[in-house]
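1. I need the structure of the sequence given here:
(chains A and B)
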Amino acid sequence: MNLDKPKTRIVEIEPVTRVEGHGKVTIHLDDDNNVAEARLHIVEFRGFERFIRGRLLWEAPVIVQRLCGICPVSHHIAAAKAMDMIVGADVLPPTAEKMRRLMHYGQVMQSNVLHFFHLSSPDLLFGFDAPRGKRNIFNVIKEFPDLAKQGVLMRKYGQEVILHTAGKKIHGTGAIPGGINKNLSLQERDLLLQDIEQMKVWAKGAVDVAKGYTLEHLTQVEKFANFNSSHLSLVREDGALDLYHGGLRATDAAGNIIFDHVDYQDFNDYIMEEVRPWSYMKFPFIKSRGALDGWYRVGPLSRLNNVAFIDTPLANAEHKEFRALTHDKPNHMSLAYHWARMIEVLHCVEKIHELLLDPDLQGADLRVTGERREEGVGVIEAPRGSLFHHYKVDKNDQITYCNLIVSTTHNNNGMNRAVTDVAKKYLGGKKRITEGMLNHVEVAVRAYDPCLSCATHALGQMPLTVELFDADGALIHSNSQHMGQDVPSD
Amino acid sequence: MNKEINLSTLIIGYGNPGRQDDGLGPACADRIAELNLAGVTVETNYQLTVEDALELSRFQQVVFIDASLRGGKPFFLQQIEADDECPMSSHVLSPQAVVTLSRTLFSANTEAFLMGIRGYAFDHFEEALSPEAQHNLNQAFDYLASWLQSREKIHGHA
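-> Numbering: from 1, shown residues only, chains lettered A, B, ... in the order given. This is a model prediction of the structure:
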């Protein structure tokens, strides 16, 4: 397929209304109106990596939270883990590591809950083909008010966990290079324990909704953006799911190991990033497989494909059922992300419960240092997938280099494949693009929940650009449409 | 998860202070917090979240403060209503959507206002407001502080 051939027409559409602003999809049609390829375009801010140069190393875990209003805690912890390496804190005191884990589980729980209950549930509860006016959260509220309320209250619980571990709901300072700056008081522990059983019940219910949808609509799920890929994630030494720490494992489409238990300090020996002229985002790939075949996916689906088991009983039982669907082979269905995401919520709730009962959280040994280094990498499994932070510092403790690979970047190629797959199946050969077709593209993108513009949301911002190119690639029409709200005119 | 009620006024300033004028909302909210007005609770965040719906249901009135790319200069303050046509995502949530969630899920009857402060620079990572935005912030703060105190008198908290 040659996308540069002169007779390919390009139609740009706006299918990402519940993803977020700075994104668009271009669908490239050939002369017969067949889809040649579809591309998801994302405006990614790379300026942060320059902005942080010159700042002091201990500032990094706080400053990086400016990157993203959705996952500030993920960046906070990933930066702290990188700085642990620089201050020589190879093994944290148990209190420090467990406090960070508690914070992280609270973050993953609340983020995944938001995605499922308030972003994806309308698609699953009302169906892809339902009109846009019906397929939204407000109709979920009307028809499934208990589910909608559970989503809010679970989010709030996750935020409470973050508050009591990070010190603040936003811009927390809990994780510091080499450890943590607070433990969990007994009063805070008891407060969080009050609602934990309720959270477990609701999390199990959420798994049932996602699983039920998948199994009841298996024909559609198997047909929809289901394509082979490699998968990358952290795994614990014994092969268990570990969202906070572990070695890197990559598996191919058949489930064979490509590399395993790789120390992420050496990730540059295994992962490379490719630049393509049409996208602001880089395309990472597994070095040994090359740029063409080495792309991979990350996130809940990849994690549950890669791990051997989950170390909490309820989530582990669900994981077994999840894996049984594909006979213990990798599950490549984009829509299975939702099911995997909810199993992770259940796992997070179980881990939060386990940690709250651990007396180490009341310990006083909060920080450690060791032999100073000038370079460090921190990796965690953030809600949307693996998050890499890589820094170098000089002897004055000033940051001289920063490179971040966020989950959305890891999934860049996978999302483009998902959009192309759906466009080919549902748009190919048609003379016009209907709302129903657009819904399918939108649902494919949403399964990955890409983080598109990292938290600049002024009123009246115009985040979406729709452009139309002619057969020669010349721009013939451009239109911007804001997805915010009306504001008074000047 | 019992909810308390009738705690008067909630101020939510939102935006990213690391993105220049996008920090206008939190900056204004922080200055209101320094006044320690009776009956006024101040929150800041990067952006609105669904659980804000539960929080605001505990108050008689809420004022959302955000930076604005368009609209009246130096600022505007308007009453807003629930609107179930508002777009909503895991990344974007409008004040109207929060009000809708609050009324529908938590039977809130909170009076809601939106203050937009005109900003100009949003494209870079920088923890500083542009001079023009700073000027607009000063005027917005003076107005809001005065407005809150006058409304507080009406509600009997001042």
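2. Only C-alpha atoms from now on, for both contacts and neighbour counts.
-> Fine.
3. what stretches of the stretch 51-200 of chain A score poorly on pLDDT?
-> A:69, A:132 (pLDDT under 70).
4. Quick check: pLDDT value at the residue nearest the centre of chain B.
-> Nearest to the mean C-alpha position of chain B, by Cα atoms, centre = their mean, lies B:Phe64 at 1.8 Å. B:Phe64 carries a pLDDT value of 96.
5. close to chain A, is the helix or strand where it lies?
-> According to DSSP states H and E, B:Phe64 maps onto strand B:61-68. Yes. Looking at strand B:61-68 against chain A by Cα under 8 Å from any Cα of the partner chain, the contacts come from B:66-68.
6. and the next element down the chain from that strand?
-> Next element after strand B:61-68 (DSSP H and E): strand B:75-80.
7. ok so, going back, tell me the one of the residues of strand B:61-68 next to chain A nearest B:Glu127?
-> Nearest to B:Glu127 among the residues of strand B:61-68 next to chain A: B:Ala67, at 14.4 Å, using Cα to Cα.
8. how close does the residue nearest to the centre of chain B sit to B:Gln134?
-> To B:Gln134, B:Phe64 is 18 Å away according to Cα to Cα, to the nearest Å.
9. Please, where are all the strands along chain B?
-> B:9-14, B:40-45, B:61-68, B:75-80, B:111-118 (DSSP state E).
10. and of the ones you listed, who's closest to A:Asn411?
-> That would be strand B:40-45 among the strands of chain B, by Cα to Cα, at 27.5 Å.
11. buried sites along that closest one?
-> Neighbour counts over strand B:40-45 (16 or more other Cα atoms under 10 Å in any protein chain shown) mark B:40-45 as buried.
12. what's the longest helix in chain B?
-> Under DSSP state H, the helix in chain B containing the largest number of residues is helix B:131-155.
13. What count of nearby residues applies to the residue nearest to B:Gln79 when sequence neighbours are not counted?
-> Excluding the flanking residues, the one nearest B:Gln79 by Cα to Cα, 6 or more residues apart in numbering or on different chains is B:Phe113, at 4.2 Å. For B:Phe113, the number of neighbouring residues by other Cα atoms under 10 Å in any protein chain shown comes to 19.
14. With A:Ala254 instead?
-> A:Ala254 has 12 nearby residues by other Cα under 10 Å.
15. wait, isn't it in contact with A:Lys329?
-> Yes. Applying Cα atoms under 8 Å as the test, A:Ala254 and A:Lys329 come out as touching, 6.6 Å apart.
16. Low-confidence bits of chain B, can you list those?
-> B:1-7, B:84-92, B:152-158.
17. mind giving me a markdown table with the buried residues of strand B:40-45 and columns for distance to A:Phe117?
-> A markdown table is the format used below for the buried residues of strand B:40-45 (distance: Cα to Cα, whole Å):
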| residue | distance to A:Phe117 |
| --- | --- |
| B:Val40 | 31 |
| B:Thr41 | 28 |
| B:Val42 | 27 |
| B:Glu43 | 24 |
| B:Thr44 | 24 |
| B:Asn45 | 21 |
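18. Assign a three-state SS to A:Arg39, would you?
-> strand (DSSP: H, G, I helix; E, B strand; the rest coil).
19. Looking at it now. What's its pLDDT?
-> 79.
20. about what we covered before: A:His319: which of the residues of strand B:61-68 next to chain A is nearest?
-> B:Asp66 (42.4 Å).
21. For burial, what's the neighbour tally of the residue nearest to that closest one when sequence neighbours are not counted?
-> Spatially, and ignoring its direct neighbours in sequence, B:Asp66 is nearest to B:Gly25 (4.3 Å; Cα to Cα, 6+ apart). When neighbours are defined as other Cα under 10 Å, B:Gly25 has 30 of them.
22. List the residues that contact B:Gly25.
-> B:12-15, B:44, B:65-67, B:117 (Cα atoms under 8 Å, 6 or more residues apart in numbering or on different chains).
23. Which of the buried residues of strand B:40-45 lies at the shortest distance from chain A?
-> B:Asn45 (6.4 Å; Cα to the nearest Cα).
24. contacting residues around that closest one?
-> Here B:Asn45 is in contact with A:170, B:12-16, B:26 (Cα under 8 Å, 6+ apart).
25. try A:Arg100
-> Per Cα under 8 Å, 6+ apart, neighbours of A:Arg100: A:77, A:165, A:174-175, A:180.
26. and the two most separated of the residues you listed?
-> Top of the distance list for the contacts of A:Arg100 (Cα to Cα): A:Ile77 and A:Thr165, 11.6 Å.
27. any idea which residue sits dead centre in chain A?
-> Nearest to chain A centroid, counting by Cα atoms, centre = their mean: A:Arg384, 1.2 Å.
28. All set now, cheers.
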